[in-house]
Structures are given as structure tokens and as C-alpha cells.
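1. I would like to see how this sequence folds:
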Amino acid sequence: MRIARFSIDGNVGFGVVEGNDLDVIKGHPFAEFERSGQKVPLDKVRLLPPVLPNKVVAIGRNYAEHAKELGNEVDDVPVAFFKPSTSVVGPGDPVVYPAFSQEVHHEAELAVVIGRMCREVPRERVKDVILGYTCANDITARDVQKREKQWARAKGFDSSCPLGPWVETELDPSDLTIQCTVNGEQRQLGRTSEMVRSIEDLIVHITEAMTLLPGDVVLTGTPAGVGPLNVGDEVAVTIEGIGTLTNKVIKRG
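-> Predicted coordinates:
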């Protein structure tokens, strides 16, 4: 099932994607819900970020070849960092090139959407706390990341976390193709099976320390091939079984 968050005529709601239509749901996807039977054409709505996370917990260096291309080793434990809720934008929304950087990179990632409040999740229960999966782009000010010990500015600036186009709830994430294109040219191509640590490993590791809330997002790392974005570029992340998330880079006005 594909669940989208959308706006139309000033109203915001959730709907189940069925072909070229949305079947509007009563309530929200973090509890039992009913379909209203009210169908809205997809081309008549604006797709929003599929969730509004309280926090985005991201994992670095979870693909060995990506770590290598940046001159890093894979760490003994997962490298976790936060992207604030204000970094989240949706499909078609602009990515605003930050004025404090001269080297901004794309990072295509599989995003895990949490479906229920959870802490200290045992490995065998991880699937129970996941609502589904979506596409993400961990936009990074690479020059800032290199010169500042903390990644908060490099990874957390406004519009640095595009998510979408929807949440796919029925998907085996263990071996999916992840692709990133810039202006139609392929930049990244990898598979989730190349992750150093599995989604189960990551959720167990994160929830040892903190509570995850419904709608929180876990970014699972990016495959090799990251590279620069410039003002005017159109960047697209495509993940097998989910869809394509497209955003355009603009100059801050």
C-alpha cells in the first residue's frame, strides 16, 4: 500500500495511491483507518512530505564504497546524526542552496518511516515498529562537513532532507535498487543489500538510546557516487518498489 500526504484547496490529508488517484483516508496512517471512498486525481493535488517527523535519525558510512570514496573507513559502530524537522521538504519542493557552502552534494537513501512509539526494540520486533519506506536525499554541504567537527550545519540546513513521494508499506527492503540522477544523468546506482548494517541492526542501535515516535524517519546511508549539485540542477532519487523523488536546486532569494 502506498500512502501519500497531500494538500488540495488548502486542506491537508492522507490518501492511498491507486493508479492515478488518491483514495482519501479517514484519520491518519499511524492507527487503524478507513478509506473514505472519496477519490482525488493525483494531478490535482500537491504531494507533501509523506510524514512530518519529530526527528530524522541518519546513519553515515553504511555503504563501504561510499565511505571509501570520501577517504573514510567503516566505523566499528554506526555513525548516527540528526537532521531537524525543518530540513524536511517534499516531492517537487525546492532545495535551497545554502549561502555558507560552495560544495553541496546529493546522497540518495532508503528512508524507514516509524509507525509506533518504540524504545529498546529487540531485533525480532523491528518489523512491528515500521510503517513503511520512502525515498530520501541527504543533501550535504560537503565543505562544511569537512571543516566542522559536528555535522549539524552541513547536514541540517533548511531543505536538506527531501522525502517522498509516498510511504510504501508492503516492501521487502533487503535488496532494492537505489539510483540518483542529476539532470537525467546517472550519478549513483547501488543496492540496499550492500548496506554494511541492516535495517534491523540500525533500529536496535538507535532505540538503545532514544525513543522513536510515529512518523520519525531513519535514513539508512547512501551508496557510492555522491557528487556536486549546482543551482538549477534537477536531482531525482529512485528506489525500486517505491518510486521517484524529484527536487530542483535553487538560489536563496
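
2. Report how many residues lie close to the closest residue to Pro84 other than its chain neighbours.
-> Nearest residue to Pro84, sequence neighbours excluded (CB to CB, 6 or more residues apart in numbering): Gly156, at 5.2 Å. Bear in mind the C-beta positions are built from the backbone N, C-alpha and C, glycine included. Neighbour count of Gly156, defined by other CB atoms under 10 Å: 21.

3. Over to the one 10 residues further on?
-> With neighbours defined by other CB under 10 Å, the count for Trp166 comes to 27.

4. Name all residues that make contact with it.
-> The contact partners of Trp166, taken as CB atoms under 8 Å, 6 or more residues apart in numbering, are 2-5, 17, 47, 50, 134, 242-243.

5. do Val45 as well
-> Here Val45 is in contact with 6-8, 22 (criterion: CB under 8 Å, 6+ apart).

6. quick one: which of those residues is nearest to Glu69?
-> If you rank these by distance to Glu69 using CB to CB, Phe6 comes first, at 36.9 Å.

7. what's the helix or strand encompassing the closest one packed up against?
-> Using DSSP states H and E, the element containing Phe6 is strand 2-8. With contacts taken as 3 or more CB pairs under 8 Å, 6 or more residues apart in numbering; DSSP states H and E, strand 2-8 sits against strand 11-18, strand 21-26, strand 46-47, strand 161-168.

8. So for it, mean pLDDT?
-> Strand 2-8 shows a mean pLDDT of 97 in the predicted model.

9. Not counting it itself, show me its contacts.
-> Against strand 2-8 from outside (CB under 8 Å, 6+ apart): 12-17, 22, 25, 29, 40, 44-51, 90, 132, 165-169, 243.

10. Show me what counts as buried in that strand.
-> Buried residues in strand 2-8, counted by 16 or more other CB atoms under 10 Å: 2-6.

11. that older thread, filter the contacts of strand 2-8 down to the buried ones.
-> 13-17, 22, 25, 29, 40, 45, 47-51, 90, 132, 165-169, 243.

12. Which strand residues bridge Ala58?
-> Phe81, Leu219 (DSSP bridges).

13. ok, it touching Ser87?
-> No. Contact criterion CB atoms under 8 Å: Ala58 and Ser87 do not qualify, at 10.0 Å.

14. circling back: taking the contacts of Val45, tell me the two that lie furthest apart.
-> Ser7 and Leu22 (11.4 Å).

15. How about the contacts made by the residue nearest to Gly15 when sequence neighbours are not counted?
-> Distance criterion CB to CB, 6+ apart; nearest residue to Gly15, sequence neighbours excluded, is Leu22 at 3.3 Å. Residues near Leu22 by CB under 8 Å, 6+ apart: 4, 6, 15-16, 39-42, 45.

16. ok, so of these, who is nearest Arg125?
-> Val16 (25.9 Å).

17. Quick check: the gap between that closest one and Ile3.
-> 6 Å (CB to CB, to the nearest Å).
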